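Asker: Build the 3D model from these lines:
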Amino acid sequence: MAKKAKTPQRREDSLSRDRIIDESIALLDSSGERGLTFRALAERLATGPGAIYWHIDDKNDLLTAACDAVIARTMSAPVINTTPEAAIRALALGMFDTIDAHPWVGSALTRAPGQLPMVRILEGIGQQIRALGVPDNTQWSVVSALLNYILGVSGQNAANAHLARELGAYRDNFLHEVSVMWSQLDPDAYPFTRSVAGQLRVHDDRVDFLAGIDLILRGIESSQGR
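Answerer: Residues are numbered from 1 along each chain as shown. Have a look, this model is predicted:
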């Protein structure tokens, strides 16, 4: 008689919320939000969907928890013995790299306004803005400007990378094609775009991102009369 195929051993006894979240992150990284289903997750965990529901309410809860775990790791990077400006740059670049590595995080953050993942980022920026001596009545607007820039640019960068992968395009080839297209634009209608066509081909996304952070920081310093 033919032997039955082996099935994954069920491990409900070792199942925990942390383990569910870790596997969810791996699934999100490999398959995106559409691939995050309780059935797919149950297969990875060698358990049944019912065991997962014991720890997680629904998919939104799971996505927020996975996002929070990734953000918590990013925000836990040490900022000891450094200036507030350097801490903000490190935090910003950490978020940029995190969203680049986990493109689904940007979308997850927009679905969890006011919840812990966003609060972690807000608090991290806010503490450094306070350390810079920004007056209480302008701290919110300054923090908001930084937060929107960090998440907006990071999210767009991740989206561009995802689109390039879907199209099977390599970054250098894609930028070269766009650069050529820009260089052929009407010089009277698009003088600036034509002038930077060559720079587009060789620009560094992370360097450009940090340049924007530095512009905001210089604006803060200028407003403080420093």
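Asker: So which elements touch the longest helix seen in the chain?
Answerer: Longest among the helix segments of the chain by residue count, using DSSP state H, is helix 136-167. Here helix 136-167 touches helix 84-101, helix 104-110, helix 116-131, helix 171-183, helix 205-223, going by 3 or more Cβ pairs under 8 Å, 6 or more residues apart in numbering; DSSP states H and E. Placement of C-beta: from N, CA and C, glycine included.
Asker: Residues contacting the first one, please?
Answerer: What it means is helix 84-101. 29, 70-71, 74-75, 77, 79, 82, 105-106, 121, 124-125, 128-129, 131-132, 146, 150-151, 153-155, 157-158, 161, 206, 209-210, 213-214, 217 (Cβ atoms under 8 Å, 6 or more residues apart in numbering).
Asker: relative to helix 116-131, how tilted is that helix?
Answerer: Here the directions of helix 84-101 and helix 116-131 differ by 160 degrees (axes from the mean of the first three to the mean of the last three Cα atoms, to 10 degrees).
Asker: Just the CA coordinates for helix 84-101, please, in CSV.
Answerer: C-alpha atoms of helix 84-101 as CSV (Å, rounded to 0.1, in the frame of the first residue of the first chain):
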residue,chain,number,x,y,z
PRO,A,84,19.1,66.0,17.5
GLU,A,85,19.9,66.8,13.8
ALA,A,86,21.9,63.6,13.5
ALA,A,87,19.2,61.6,15.3
ILE,A,88,16.6,62.9,12.9
ARG,A,89,18.7,62.0,9.9
ALA,A,90,19.3,58.5,11.2
LEU,A,91,15.6,58.1,12.0
ALA,A,92,14.6,59.3,8.6
LEU,A,93,17.0,57.1,6.7
GLY,A,94,16.0,54.2,8.9
MET,A,95,12.4,54.6,7.8
PHE,A,96,13.4,55.1,4.2
ASP,A,97,15.4,51.8,4.2
THR,A,98,12.6,50.0,6.1
ILE,A,99,9.9,51.0,3.6
ASP,A,100,12.2,50.1,0.8
ALA,A,101,12.8,46.6,2.2
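Asker: tell me the mean pLDDT for that helix?
Answerer: Averaging pLDDT along helix 84-101 gives 96.
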